[in-house]
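*Asks:* Dropping the sequence and predicted coords here.
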2 protein chains.
Amino acid sequence: MELIYKGKNKNIYRLPTGALQIQFTDAVTGENGVFEPAAKSILKTVPGAALSSTQLSAYFFKKLNAIDVPTHFISVDADHTSISVKDTTPFGGHGIDVICRFRAIGAFEARYNEFVEHGEELDTLVEMVLKDEHEELPPILPDTLEALGIMTLPEYNFMKNLARDVSEFIRMDLAKKGLELYDMKLEFGRDSQNNEILLINEMSANNMHVYKGERLINPIELEEIMLKK
Amino acid sequence: MELIYKGKNKNIYRLPTGALQIQFTDAVTGENGVFEPAAKSILKTVPGAALSSTQLSAYFFKKLNAIDVPTHFISVDADHTSISVKDTTPFGGHGIDVICRFRAIGAFEARYNEFVEHGEELDTLVEMVLKDEHEELPPILPDTLEALGIMTLPEYNFMKNLARDVSEFIRMDLAKKGLELYDMKLEFGRDSQNNEILLINEMSANNMHVYKGERLINPIELEEIMLKK
């Protein structure tokens, strides 16, 4: 299999069928000894983290596929630590992060600290962040995405609305277990076969800030609370 | 008179009438020995720069007032280096820059250098930049401005469309003299009397990139070409 992406939480391979395989790792990101999904460095290796990410991603993707959300998810693989997904083309070449915010924390709170309180409620605010070869760029306007030829305004609105629907669906599912989704990072890509816009990437604690009361829930806990009780 | 703002190109005073006076300075901004309107430092003092900024601002504001664009401009003062304007409240406390881009240069080109060519045409792209106490923040989305309570979406669209109309008007006026407007920074505020949104700040080479062929035109030249020939 050809390795086409090597990341902290996952590696992605191209399968002989043309589909992709997301192979999760046991790495957990963080900084200053504390778990943080948006951190740029690995905090530690936690046996079981890959299994947790796989099970949670499969759990959410299956639920989303069942309500006709277009996703790249095909199946969980026999090793239980990877999923097979459709091949997609990233927006702009390196992809776009679509961030849904229910509360002001993290980078958003830091950026607008003069204008928001810590943890202030936001009405499912959606921001898109374009990635170039080297880094994540600042939030990008829909008009700018169109001007750069990365997506049309109707495509922007389609993804914005779908991101809101998906994150609201997940927020409600977490709430049933007494958890609160503060924010979530989604990604979309174009289906390499037919150009359809699909929800891609993973659906795990690696791309959500999930709180139980005042405490940020780590990847292993999230899977245990959601799938094992 | 009470000094309420001290900047590189201008100082702003509150007049006994409640109106404001923008007193231009002879400072010209730049870096590495070259004029650059968006530069953070003063390049040199050029006798006549304050007069040029005053005359050009008055020239454009009078034209805009005449076609019913709501602006803060009242009159040129007797000293010929200051203008009297209506008092306005800045958006978000420290104001918002509304940037109209006809060509990709400067900060935009640097940010999206993987996605645009130098000087590439942009279809009057409008981006807004929120300022906090310390700095200009990255481009901000209309949804985020609404979530932070800084403006409503209809207000965003009003300013975006007005900024496009104003910059297009100025672009065409410059074109009559063989000049090309690459981009322009506009500011808006709320009229302190009645909350009406007004075009504020100045209209000079301090907030435009104006080219003659391949060469960036400096403040003195711009006024000479526009008003003295």
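*Replies:* In hand now; what should we look at?
*Asks:* Report pLDDT for A:Arg14.
*Replies:* At A:Arg14, the model reports a pLDDT of 95.
*Asks:* Show me the shaky parts of chain A.
*Replies:* Filtered on pLDDT under 70, chain A yields the residue ranges A:229.
*Asks:* Leaving out chain neighbours, which residue sits closest to the closest residue to chain B within chain A?
*Replies:* Across chain A, the shortest distance to chain B (Cβ to the nearest Cβ) belongs to A:Pro138, at 3.1 Å. All C-beta spots, glycine's among them, are computed from the backbone N, C-alpha and C. Closest residue in space to A:Pro138, ignoring its immediate chain neighbours: B:Pro138 at 3.1 Å, by Cβ to Cβ, 6 or more residues apart in numbering or on different chains.
*Asks:* Helix, strand, or coil at the one you found?
*Replies:* Following DSSP: H, G, I helix; E, B strand; the rest coil, we place B:Pro138 in the strand state.
*Asks:* Now do the contacts for it.
*Replies:* A:111, A:138-139, B:129 (Cβ atoms under 8 Å, 6 or more residues apart in numbering or on different chains).
*Asks:* Which members of those residues are classed as buried?
*Replies:* A:111, A:139, B:129 (16 or more other Cβ atoms under 10 Å in any protein chain shown).
*Asks:* Can you tell me the closest non-neighbouring residue to the last one?
*Replies:* Okay, so that is B:Val129. Residue nearest to B:Val129 in three dimensions, not counting chain neighbours: B:Asp97, with 4.4 Å by Cβ to Cβ, 6+ apart.
*Asks:* now do the first one
*Replies:* Spatial nearest neighbour of A:Arg111, chain neighbours left out: B:Leu137 (6.2 Å); criterion: Cβ to Cβ, 6+ apart.
*Asks:* Please identify the helix or strand for A:Ser84.
*Replies:* strand A:82-85 (DSSP states H and E).
*Asks:* Counting by contacts, list what that strand packs against.
*Replies:* On a contact count with 3 or more Cβ pairs under 8 Å, 6 or more residues apart in numbering or on different chains; DSSP states H and E, strand A:82-85 meets strand A:20-24, helix A:49-66, strand A:73-76.
*Asks:* Make CSV from those and add mean neighbour count to it.
*Replies:* Shown next, in CSV, are the helices and strands packed on strand A:82-85 (neighbours: other Cβ atoms under 10 Å in any protein chain shown):
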stretch, mean neighbour count
strand A:20-24, 23
helix A:49-66, 20
strand A:73-76, 18
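*Asks:* what would these look like in TSV with distance to B:Ala39?
*Replies:* As requested, those are exported to TSV (distance: least, Cβ to Cβ, whole Å):
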stretch	distance to B:Ala39
strand A:20-24	46
helix A:49-66	47
strand A:73-76	50
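*Asks:* Would you mind putting the ones you listed into TSV with distance to chain B alongside?
*Replies:* Formatted as TSV, the helices and strands packed on strand A:82-85 follow (distance: least, Cβ to the nearest Cβ, whole Å):
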stretch	distance to chain B
strand A:20-24	24
helix A:49-66	23
strand A:73-76	28
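*Asks:* so which of those comes closest to A:Leu227?
*Replies:* Of all the helices and strands packed on strand A:82-85, helix A:49-66 sits nearest to A:Leu227, with 5.8 Å by Cβ to Cβ.
*Asks:* Could you list every helix and strand that the closest one packs against?
*Replies:* Checked by 3+ Cβ pairs under 8 Å, 6+ apart, helix A:49-66 has strand A:20-24, strand A:73-76, strand A:82-85, helix A:153-175, helix A:219-223 packed alongside it.
*Asks:* what would these look like in TSV with distance to B:Phe61?
*Replies:* Shown next, in TSV, are these (distance: least, Cβ to Cβ, whole Å):
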stretch	distance to B:Phe61
strand A:20-24	58
strand A:73-76	58
strand A:82-85	57
helix A:153-175	33
helix A:219-223	58
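*Asks:* Of these, which is nearest A:Phe188?
*Replies:* Nearest of the helices and strands packed on helix A:49-66 to A:Phe188, taken as Cβ to Cβ: helix A:153-175 at 5.2 Å.
*Asks:* Perfect, that will be all.
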